[in-house]
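A.B. asks: Fold the following, please.
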Amino acid sequence: MKNFFSQKKNVLILIIIGVAFFVLSGIINSSISSKEEEKAVDLSIRIEVPSDPELEESRKIIWGKITRSSRLNPNRTYYDTIFFEDEIAFAQCKSTDHKTYDCTQNIPDGLVEFVNKTKNTFGEEYYRNGKRDQSYKEYYSDGQLRRESLYFLGTMKTNKEYFSDGIVSKQEDFQDALWIPENKNRETGSGKVYFRDGRLMYEWHLTNQSQGGYTKSYDYNGRLVVVSYFDQNGDLIEDFFKSK
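C.D. replies: Numbering: from 1, shown residues only. Model prediction:
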């Protein structure tokens with residue numbers, strides 16, 4: 001009988017030890033898991049997503065094909081110009097050979113194909129920051145080159161125009177043109193205008209480097225008929241009329 005109670009006591013002790021070990025293991029595991037979760041949370045807070053230049057570039061607006069159509073305004077001082085993206089109008093501007101202005105929307109950088117309905121010509125040009133830039137080429141309806149120019153951010157640097165048979169009608173160079181704010185219509189830089197057969201009709205030279213300049217007119221036979229001289233400010237010094 002004594003042995004029976006002794007064995008029963010031993011079994012009870014083993015059961016108590018087992019339960020205690022199980023409870024203690026659970027507490028330890030719970031503590032470890034909690035610490036690991038805390039570490040994971042801390043790590044997630046410190047993670048920073050690096051910037052991706054390519055991704056940022058892909059978020060920029062991607063334009064379709066840009067074209068423009070121009071028609072001379074009734075007052076004949078500028079062209080009414082409409083810009084299209086994939087044949088859908090998105091901007092209206094005023095334009096001349098020298099500038100594009102008063103636009104209702106920004107013009108995207110890059111190539112623009114155009115049609116001039118008044119001149120019945122077509123061509124291509126480039127824009128940067130809403131202004132003509134780089135090369136400009138304009139063609140007659142039959143594909144013959146009518147005009148080729150170079151621009152830098154809206155400023156015409158050189159210009160060359162042709163008659164319909166390819167003979168040069170005008171040449172202009174504005175790279176060192178004297179700026180005359182009070183008279184925008186006066187010829188500055190250097191240039192020449194030709195008769196239909198290519199003979200010189202008119203020329204001018206008024207630049208910063210020359211410290212003054214002149215304009216000269218010729219008759220159809222090539223004889224000089226009028227000469228005007230200007231000072232370094234572009235003011236007229238005197239006119240000479242040549243007798244025939």
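A.B. asks: got a pLDDT number for Asp231?
C.D. replies: With respect to pLDDT, Asp231 scores 92.
A.B. asks: State the number of residues packed around Glu203.
C.D. replies: 17 (other C-beta atoms under 10 Å). From N, CA and C alone the C-beta is placed, and that goes for glycine too.
A.B. asks: Apart from its chain neighbours, what residue comes closest to it?
C.D. replies: Lys192 (4.6 Å; C-beta to C-beta, 6 or more residues apart in numbering).
A.B. asks: For beta bridges, what are the partners of the one you found?
C.D. replies: Under the criterion DSSP bridges, Lys192 forms beta bridges with Gln171, Glu203.
A.B. asks: number of nearby residues for the nearest residue to Tyr101 once chain neighbours are set aside?
C.D. replies: Excluding its sequence neighbours, the residue lying closest to Tyr101 (C-beta to C-beta, 6+ apart) is Lys94, at 5.5 Å. Counted with other C-beta under 10 Å, the neighbours of Lys94 add up to 16.
A.B. asks: And Thr158, by the same measure?
C.D. replies: 15.
A.B. asks: That one and Phe174: what is the separation?
C.D. replies: Separation of Thr158 from Phe174 (C-beta to C-beta, to the nearest Å) stands at 7 Å.
A.B. asks: go on, Glu187?
C.D. replies: 10 Å.
A.B. asks: how does this structure divide into domains?
C.D. replies: Domain assignment for the chain by automatic domain parsing gives 2-48, 62-151, 167-244.
A.B. asks: Show the contacting residues for the most centrally placed residue in the chain.
C.D. replies: Of all residues in the chain, the one closest to the mean position by C-alpha atoms, centre = their mean is Arg128, 2.2 Å from it. Residues in contact with Arg128 (C-beta atoms under 8 Å, 6 or more residues apart in numbering) are 109, 134, 153.
A.B. asks: out of the residues you listed, who's nearest Asn116?
C.D. replies: Relative to Asn116, the closest of those is Gln134; by C-beta to C-beta it sits at 19.1 Å.
A.B. asks: my read is the closest one is in a strand, agree?
C.D. replies: Yes: Gln134: assigned to a strand according to DSSP: H, G, I helix; E, B strand; the rest coil.
A.B. asks: and it, bridged to which residues?
C.D. replies: So, taking DSSP bridges as the rule, Gln134 has Tyr151 as bridge partners.
A.B. asks: Over to Glu161?
C.D. replies: Residues in beta-bridge contact with Glu161 (DSSP bridges): Arg147, Lys170.
A.B. asks: That one: neighbour count?
C.D. replies: So Glu161, with other C-beta under 10 Å, has 18 neighbours.
A.B. asks: what sits against it?
C.D. replies: Contact analysis of Glu161 by C-beta under 8 Å, 6+ apart lists 146-147, 168-171.
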